[in-house]
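*Asks:* task: produce atomic coordinates for the following.
(chains A and B)
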Amino acid sequence: MQADPQANPTGIGPIILHSRDARRGRVVTAANATARALGAVPQMQLTQASTLCPEAQLIEQDLQADIESLCSLAESSQCFSPIVGIEQLDTQPWAGRSLHQPQSILLDITGIAPLFGGDAKLAAAVHRWVLDQGYWASIAIANSVGTAWALSNYTRRSQIAADLAEIERLGNTLSLLPAITIAQPNEPIGAAIYPLAIEALRLEQATVTKLHRLGIRKIAQLVELPRSGLASRFNEQLLQRMDQSLHNQCEPILTLHASPELAIEECLEHPTPLRTTIDAIVTEQIHRLTRVLDTIGHGVVRLVCRIEMELNAIPIESDIENQSGQPPPVARVFQIGLYRPSNEPQHLLWLLQGQLDAHYAKGPSHYWARSISIQATLTAPLTWQQSDLFDRHSTIHRDAIAKLVDNLSARMGRAAVVAPSIQRDPQPELAYSWRPLTGWRKDGKIQETKRKLARTPKRDFSEQQGLEPDSNELWRRPVRLLHPPKKIDMQQVDENGNPLRMVYQGSPLSILRATGPERIDTGWWQGATQQRDYFRVELSTAVWLWVYRDRREQNWYLHGEFD
Amino acid sequence: MLALDADSNKPAKPPPMTPDLPLFDLTPFNLPLFDLPIDVPTSVPSSVPPTEQPESSAFQKREQLSRQIREMETTGRPGQERISSGCRTMDRHLPGGGYAGGSMLELLRSGPGTGLSSIALMIARQAIVEGKYLVLVDPQRQFYPPAMKSLGIPLERVIALQPANHADAIWGLAQVLRCPAVGAVIAEVGTLEDRAARKLQLAAEQGGGLGVLLRDARSARTQPSWADVQWTVRSASLQDQDIRWFHLELARCSGGRTGARLTVGVNRHGQWIEAPITQGSRHEHASALHLAAQLAQPTRRRRDIAG
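*Replies:* Presented below is the predicted three-dimensional model:
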């Protein structure tokens, strides 16, 4: 699935997405066709890729945001099927994938296609809907999850890659790409994927490499090998994947939506444009939902409110012109994610109102609400507030703080509400991170709220006693760290390399005391090596700063303030 | 006499700041709906019995009035508890020996790198006892967690807000202050309009935590504030390698005396250190009694611009 770059109609230059790998520093996670043509490929180090295409636009990939968009899209694709899920990952990333993240949505359409007038029409409707959402997706319909996955991911891979390069050069939209593959129902099971590469079976890289060394590149070749030999020479995964893709072994779809009793829908007799009516219905539905949840002792972690719309006014001509390219909005989906399970109707309503406000603030629309549904797509047991004998306060505060985090995240976005964590890394800017408190895990599951609340460092390195000076001591690290470091003009340095005089905020100031150097070298495995000598300097104005000299460039940088 | 029901939810009228005001501003600062005349006797509530001794009557009235005003100002607060700063020298200059729960404290910065954040974290450390949380409003994303840890802040009870704009920052700050689970909030605020400042103070009263605002000294002087206490912070240079020294000046203190100066340090174990007392520096400000200022309730500094 790919976002449609309609925003830039006049040709697109090379674009490279990167993320930080724990071992290899910054690596390329995705590159567009133009960048690929220049030699940048996923898993390549970013430094290498940027030498190959120096004019490329480098963007850090927000993996969490990707998962959130995928889950939201899956939740709103319930207009096609009641059973919707996202793909389940293995422990190792699959061969041919550069990211260990879910990237596919699975829809169970058993018995649904006739409602749309057949498989082809359903696929076309899905295709149109995905384009309307601002994405492009490769769609396949088959009898099993494995076959559909293989067909959608691998049937037109090379053709799409070639077409993409052309589209990027001309600046056309992605909607021109071929997108739909439908397995013929009268074919023998699995025959559709025989000509595909073995990566289409969702195998680990190690298995694929081994098969390649044996000269097996296509599924058709693999099928001819004796099964008993495969079982003894490869791991179980290979046989299981072959069964799932070629022999219709059942594979469950883990759904994202609620069980029927946690979904409440109300169809209106007459569509309404009125916000007050919608509010009243939503309020009533949330009260009903929380009453159901009360009986099973659960609280809502994720709530989806869906308002089906229909066109209910005759638009005047100028509106038609404006909307000519715009798709009719069939449904508006509002989603809220909570930090801790909650079944307080007031709290849920407050969070939902914020989203409704944002929608209705846009002004009146020709699309009126036809039906309103509320679903608790994810619930979790409410933790009982057993009063500890001595630690009563922390449980009280935990509930209040969870509510606060929900409120803040709902308005300011999950990335703005964060908690600190400390890593053991000598490089100061890598020794900490701010983690959002709400959101999804890497495999597309919701984050465990309990684990997050009881967050403690895995090992407390500050307790370690050593002979060397402890970097955790106060005044050895600045209270405020500048990121990135600011280049400064060091005017005078003594014969040992200690700073004596520097320019700070436009005026040259002498340095009363410089404590250091603290030499920090980074490992080769973290990308470009950093060699720095850090000094804590005290200026004549009594200001304390943290500066370093880059030993490779011989430049001085301001990295922090002891504010 | 006046509307003294301290209904703090009403939007307050900004404090009267007439240019012809006498030297001392007697009007209570954050009292709602007040148009207090300047001369003292008319503003005495009818419940106050007339004092008999004429020479001490003015003093007693002043005491009584200031106590009553103090009570009215603080009725919105959840309790009378005081949060000690952990530093005895600092506590001595604060009424009640600490910061009031549900009040705002402002630290004024005279320049970058002067130690404002460190002082704020040291004070906040005392306010987040009993499992309460510390929230940082940090739009510049500069707070460095390893240093906070070495200051003795439990990181598992720290939440940071990184708002994208000023409106979000103020909204988030008000939400956070209103939450009873938050013991202390440290926020870097650039400009603060009077309505926002008042909103924050009311939110703090509701939540009961301590709000610490880090502000620029120049902007704080020209903008209104509803803070109980304002310290101006400068770094000091004394001949100690591992102790960071600070000069603090009490720019405003409701119910206490302004103008006090003190020098405190923080050593490398995160403990407050009192300044070595040198000859002549034994706080001439603390020992000299400004009689006129005392009589006219010195806790209110005259402010240049009304809110």
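
*Asks:* are we agreed that residue A:51 is in a strand?
*Replies:* No: Residue A:51 is assigned helix when assessed by DSSP: H, G, I helix; E, B strand; the rest coil, not a strand.

*Asks:* burial check on it, number of neighbours?
*Replies:* 11 (other Cβ atoms under 10 Å in any protein chain shown). No exception for glycine: its C-beta is placed from N, CA and C like everyone else's.

*Asks:* please report how far it lies from residue A:45.
*Replies:* 10 Å (Cβ to Cβ, to the nearest Å).

*Asks:* with residue A:496 instead?
*Replies:* Taking Cβ to Cβ, one finds residue A:496 at 36 Å from residue A:45.

*Asks:* likewise for residue A:279?
*Replies:* Going from residue A:279 to residue A:45 by Cβ to Cβ gives 53 Å.

*Asks:* excluding chain neighbours, what is closest to residue A:300?
*Replies:* Ranked by Cβ to Cβ, 6 or more residues apart in numbering or on different chains and with sequence neighbours excluded, the top spatial neighbour of residue A:300 is residue A:376, at 4.7 Å.

*Asks:* just give me the neighbour total for that neighbour.
*Replies:* If you count neighbours by other Cβ under 10 Å, residue A:376 ends up with 27.

*Asks:* now do the contacts for it.
*Replies:* Shown in contact with residue A:376 (Cβ atoms under 8 Å, 6 or more residues apart in numbering or on different chains): A:258, A:262, A:263, A:289, A:293, A:300, A:302, A:303.

*Asks:* give me the pLDDT for residue A:264.
*Replies:* Looking at residue A:264, its pLDDT reads 84.

*Asks:* that one: helix or strand, and which one exactly?
*Replies:* Here residue A:264 sits within strand A:263-272, counting by DSSP states H and E.

*Asks:* same thing with residue B:149?
*Replies:* Assigned by DSSP H and E, residue B:149 belongs to helix B:145-150.

*Asks:* who does the longest strand belonging to chain B pair up with?
*Replies:* When chain B is parsed with DSSP state E, its longest strand is strand B:244-253. Strand B:244-253 sits in its sheet next to strand B:229-236 (antiparallel), strand B:261-266 (antiparallel), going by DSSP bridges.

*Asks:* so which bits of whatever helix or strand comes next after the last one are buried?
*Replies:* If I follow you right, that is strand B:261-266. Proceeding N to C from strand B:261-266, the next assigned helix or strand is strand B:272-274, under DSSP H and E. Buried residues in strand B:272-274, counted by 16 or more other Cβ atoms under 10 Å in any protein chain shown: residue B:273.

*Asks:* which positions within stretch A:342-361 qualify as buried?
*Replies:* Going by neighbour count (16+ other Cβ under 10 Å), the buried part of stretch A:342-361 is A:342, A:343, A:345, A:347, A:348, A:349, A:351, A:352, A:355, A:356.

*Asks:* likewise for stretch B:87-103?
*Replies:* Residues B:87, B:89-91, B:93-95, B:98-103 are the ones in stretch B:87-103 that count as buried (16+ other Cβ under 10 Å).

*Asks:* tell me which of those fall in helices.
*Replies:* Within those, residues falling in helices by DSSP state H are B:89, B:90, B:91.

*Asks:* the second one and chain A, how far apart?
*Replies:* Here the criterion is Cβ to the nearest Cβ, to the nearest Å. By it, residue B:90 lies 18 Å from chain A.

*Asks:* tell me which helix or strand comes right after the strand or helix carrying residue A:290.
*Replies:* Per DSSP H and E: residue A:290 is located in helix A:275-296. Once helix A:275-296 ends, the next helix or strand along the chain (criterion: DSSP H and E) is strand A:298-311.

*Asks:* so what strands line up beside that following strand?
*Replies:* strand A:331-342 (antiparallel), strand A:367-381 (antiparallel).

*Asks:* so which of those is nearest residue A:234?
*Replies:* The closest of the strands paired with strand A:298-311 to residue A:234 is strand A:367-381. By Cβ to Cβ, the value is 36.2 Å.

*Asks:* rewinding a little: figure out which of the strands paired with strand A:298-311 is closest to residue A:403.
*Replies:* Closest to residue A:403 of the strands paired with strand A:298-311, according to Cβ to Cβ: strand A:331-342, at 7.2 Å.

*Asks:* can I get the closest one in CSV, CA atoms only?
*Replies:* What follows is strand A:331-342, C-alpha atoms only, in CSV (Å, rounded to 0.1, in the frame of the first residue of the first chain):
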residue,chain,number,x,y,z
ALA,A,331,-18.9,7.3,6.2
ARG,A,332,-17.0,9.3,8.7
VAL,A,333,-15.0,7.2,11.2
PHE,A,334,-13.9,8.7,14.5
GLN,A,335,-11.4,6.7,16.6
ILE,A,336,-10.1,7.1,20.0
GLY,A,337,-7.4,5.2,21.7
LEU,A,338,-7.1,5.2,25.5
TYR,A,339,-4.1,4.9,27.7
ARG,A,340,-5.9,2.7,30.2
PRO,A,341,-9.1,0.8,29.9
SER,A,342,-12.0,2.9,31.0
